[in-house]
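J.: Output the structure for:
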Amino acid sequence: MDLSTQLAMIIGPLYLTIAAGLLINRSAYRQIATGFLDNPALLYLSGMIAFVLGATLILIHNLWVSDWRIIITLIGWVALIKGVVLLIFPGAMRRLSAAISASRPMIIANLLIAFALGGILTLMGHAPWLLTGGGL
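T.: Residues are numbered from 1 along each chain as shown. Predicted structure coming up:
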């Protein structure tokens, strides 16, 4: 099994789970977002985590191809950029995140994007087993 498939099998279900949690448990996610945005230490820590995860994805999977695998590459670059912005400009990122979490259309857009990315990656990660009729 190649690296792209393995990463899709991890990242896809993660995105689907987050999207399902946001859809099913909006009030809990709203509390999490509020608590998170009010804690500078968490913002800093998440910047470090996003930076490391993004840089790791880029290091091991920087594939600029015209198929589904580019999604993993783009997720890596977005994570790295988010990490850099959180570490250098935490206040600006806090304001942007607060605006997004307060906007119903932005929440719906994020939910749809997470479901779409999660669905595509989960399907592509499990496609070899699905195509042969086997299970996980």
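J.: And the residue nearest the centre of the chain?
T.: In the chain, the residue lying closest to the centroid (C-alpha atoms, centre = their mean) is Tyr15, at 6.0 Å.
J.: so what's that one closest to, chain neighbours aside?
T.: Gly118 (3.1 Å; C-beta to C-beta, 6 or more residues apart in numbering). All C-beta spots, glycine's among them, are computed from the backbone N, C-alpha and C.
J.: wait, doesn't the one you found sit right on Pro13?
T.: Yes. At 6.9 Å, Gly118 counts as touching Pro13 under the criterion of C-beta atoms under 8 Å.
J.: circling back: so for whichever strand or helix holds the residue nearest to Tyr15, what gets flagged as buried?
T.: Assigned by DSSP states H and E, Gly118 belongs to helix 104-132. By 16 or more other C-beta atoms under 10 Å, the buried positions in helix 104-132 come out as 107, 110-111, 114-115, 117-118, 121-122, 124-126.
J.: swap in stretch 26-44?
T.: 29, 33, 37, 43.
J.: Check stretch 6-25 too.
T.: Here stretch 6-25 shows 7-9, 11-12, 15-16, 18-19, 22 as buried, counting by 16+ other C-beta under 10 Å.
J.: of those residues, closest to Ile58?
T.: Leu7 (12.0 Å; C-beta to C-beta).
J.: Which strand or helix spans that closest one?
T.: helix 3-24.
J.: Now do that helix: distance to the chain's middle.
T.: Averaging C-alpha positions (C-alpha atoms, centre = their mean, to the nearest Å) puts helix 3-24 8 Å from its chain's average.
J.: Quick one: mean pLDDT over that helix.
T.: Predicted confidence along helix 3-24 averages 95 (mean pLDDT).
J.: same deal with stretch 96-110?
T.: Rounded mean pLDDT across stretch 96-110 is 87.
J.: quick revisit: for Phe51, state which of the buried residues of stretch 6-25 is nearest.
T.: For the buried residues of stretch 6-25, the nearest to Phe51 is Ile11 (17.0 Å; C-beta to C-beta).
J.: how about TSV for the buried residues of stretch 6-25, with distance to Val65 added?
T.: Putting the buried residues of stretch 6-25 into TSV (distance: C-beta to C-beta, whole Å) gives the following:
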residue	distance to Val65
Leu7	14
Ala8	14
Met9	18
Ile11	17
Gly12	18
Tyr15	20
Leu16	23
Ile18	26
Ala19	25
Leu22	30
